[in-house]
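*Asks:* no sequence on this one, just coordinates:
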C-alpha cells in the first residue's frame, strides 16, 4: 500500500488529533481503507483534504478565537479566508435589515390590498343580490283618500275656528 498513511500519521500530517481524523473517516469526509484492523489513508486524499482540515480542526472555536492560536492557517494562507466572513458581516447584516424592511412594507401593502379586495367583493355581492320589487301603491279607500287635484280654499279663516 504505497502512498498510504496510518490514521495516526495522517492525523499528524493534517495537524489534527487522531480522534478528529477518525471522525472524518466515519462521516465520509476522508476516504480510508481498513486493513488488518487499522485505517489506511491515501496521501492524495489527505492532500486534497489538507486545505479543508484547518477549517474543521477546531469546531469548538468561536468567532472570537485569535488567529495567532492557529499557526497552521497562516502557513496555508487561509487566515485571509477566515477574516473574509468577518469583514462581510456588517454588509450582510445591513442587507438583512434592508430586506426585512422591504418584507414588512410589502406585507403592509398586501394587507391593504386584501382589505380593498374584500370590500370590492362585498360590493359586487350587494349589486348582484336580487332586488325586491317595488310595491304597488295602496288602493284608494277609507284610509287613503286621494287628494283633489285643486284643493278648495277653506270657508273661513283658520283663526276663526276657535272663537
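*Replies:* That came through fine. Owing to the predicted nature of the structure, the values given are computational and were not obtained by experimental measurement. Numbers count the residues shown, from 1 in each chain.
*Asks:* any idea whether the nearest residue to residue 7 once chain neighbours are set aside is helix, strand or coil?
*Replies:* Using C-beta to C-beta, 6 or more residues apart in numbering and skipping residues adjacent in sequence, the residue nearest residue 7 is residue 39, 4.3 Å away. C-betas here are computed from N, CA, C, even on glycine. Under the three-state scheme (DSSP: H, G, I helix; E, B strand; the rest coil), residue 39 adopts strand.
*Asks:* which residues does residue 39 bridge with?
*Replies:* residue 34 (DSSP bridges).
*Asks:* and the gap between it and residue 128?
*Replies:* Separation of residue 39 from residue 128 (C-beta to C-beta, to the nearest Å): 78 Å.
*Asks:* after the helix or strand bottoming out on mean pLDDT in the chain, heading C-terminal, what element do we hit next?
*Replies:* The weakest-scoring helix or strand in the chain, judged by mean pLDDT, DSSP states H and E, is helix 71-76 (a mean of 42). Sequence-wise, the next helix or strand downstream of helix 71-76 (DSSP states H and E) is helix 79-128.
*Asks:* break this structure down into its domains, please.
*Replies:* 4-61, 71-125 (automatic domain parsing).
*Asks:* picking that back up, who has more neighbours, residue 39 and residue 128?
*Replies:* For residue 39 and residue 128, the more surrounded residue by other C-beta atoms under 10 Å is residue 39, and the numbers stand at 20 against 7.
*Asks:* list the contacts for the more buried one?
*Replies:* 6-7, 22, 25, 32-33 (C-beta atoms under 8 Å, 6 or more residues apart in numbering).
*Asks:* how about TSV for those, with distance to residue 120 and secondary structure added?
*Replies:* Shown next, in TSV, are the contacts of residue 39 (distance: C-beta to C-beta, whole Å; DSSP: H, G, I helix; E, B strand; the rest coil):
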residue	distance to residue 120	secondary structure
6	76	strand
7	72	helix
22	67	helix
25	65	helix
32	68	strand
33	71	strand
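*Asks:* just for this protein, where's the confidence low?
*Replies:* 1-2, 51-85, 137-146, 148, 151, 153-154, 161-163 (pLDDT under 70).
*Asks:* what residues are up against residue 46?
*Replies:* 5, 10, 13-14, 30.
*Asks:* mind checking the SS state of residue 135?
*Replies:* Applying three-state DSSP: residue 135 is coil.
*Asks:* what is the burial count for it?
*Replies:* Residue 135: 6 neighbours (other C-beta under 10 Å).
*Asks:* need the phi and psi values for it.
*Replies:* phi -70, psi 140 (degrees, to the nearest 10).
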